[in-house]
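>>> sequence? don't have it. structure:
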């Protein structure tokens, strides 16, 4: 199996059985993310203690790429601080700027989304959960 096929299988696996796909009624932070162009409509839910994410979930309807990204992100966020998320988003942006960029150790499963870099119109789908989580952490109003 080629690496791109393995990555594709991971993306499809997260789409079929997304992790942490539920509303979190006791969340301390949440934000709404919308991509009106493709119809992605998600909410990220976070529970923080002392500035560290203890639990993360997401809800809503989204395309395969956004679903996979949100699913992976909901796992990755646990134990992270706002600065960790900002750094992770910067690394993720580097990863998706160029399909030839080397994998990023700190991003783990997100490296599976690197082939999305070959489709610039889909890159925003991969970023939507990240931007929504950052909005939640920074206390930005939905928009």
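Nice, thanks for sending it over. This one's a predicted model, so the numbers in the text were calculated from it and none came from an experiment.

>>> what's in contact with whichever helix in the chain runs longest?
Longest helix of the chain, by residue count under DSSP state H: helix 120-138. With C-beta atoms under 8 Å, 6 or more residues apart in numbering as the test, helix 120-138 has contacts from 29-33, 35, 37-38, 40, 42-46, 48, 56, 58, 62-63, 65-66, 69-70, 73, 77, 82, 85-86, 88-89, 92-93, 96, 113, 116-117, 142. For the C-beta atoms, the positions are set from N, CA and C on the backbone; glycine is no exception.

>>> tell me which stretches of the protein form helices.
Counting by DSSP H, the helices of the chain are 3-16, 64-76, 82-97, 120-138.

>>> winner for burial among those?
helix 64-76 (a mean of 24; mean count of other C-beta atoms under 10 Å).

>>> just list what that one packs against, helices and strands only.
helix 3-16, strand 40-49, strand 52-61, helix 120-138 (3 or more C-beta pairs under 8 Å, 6 or more residues apart in numbering; DSSP states H and E).

>>> any regions of the chain where pLDDT drops low?
Scanning the chain for pLDDT under 70 picks out the ranges 1-7, 140-143.

>>> before we move on, back to that, redo the helices of the chain as TSV? Include distance to residue 103.
Shown next, in TSV, are those (distance: least, C-beta to C-beta, whole Å):
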stretch	distance to residue 103
helix 3-16	10
helix 64-76	14
helix 82-97	8
helix 120-138	15
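
>>> closest to residue 108 out of these?
Nearest of the helices of the chain to residue 108, taken as C-beta to C-beta: helix 64-76 at 6.8 Å.

>>> what angle do that closest one and strand 40-49 make?
With axes from the mean of the first three to the mean of the last three C-alpha atoms, to 10 degrees defining the directions, helix 64-76 sits at 0 degrees from strand 40-49.
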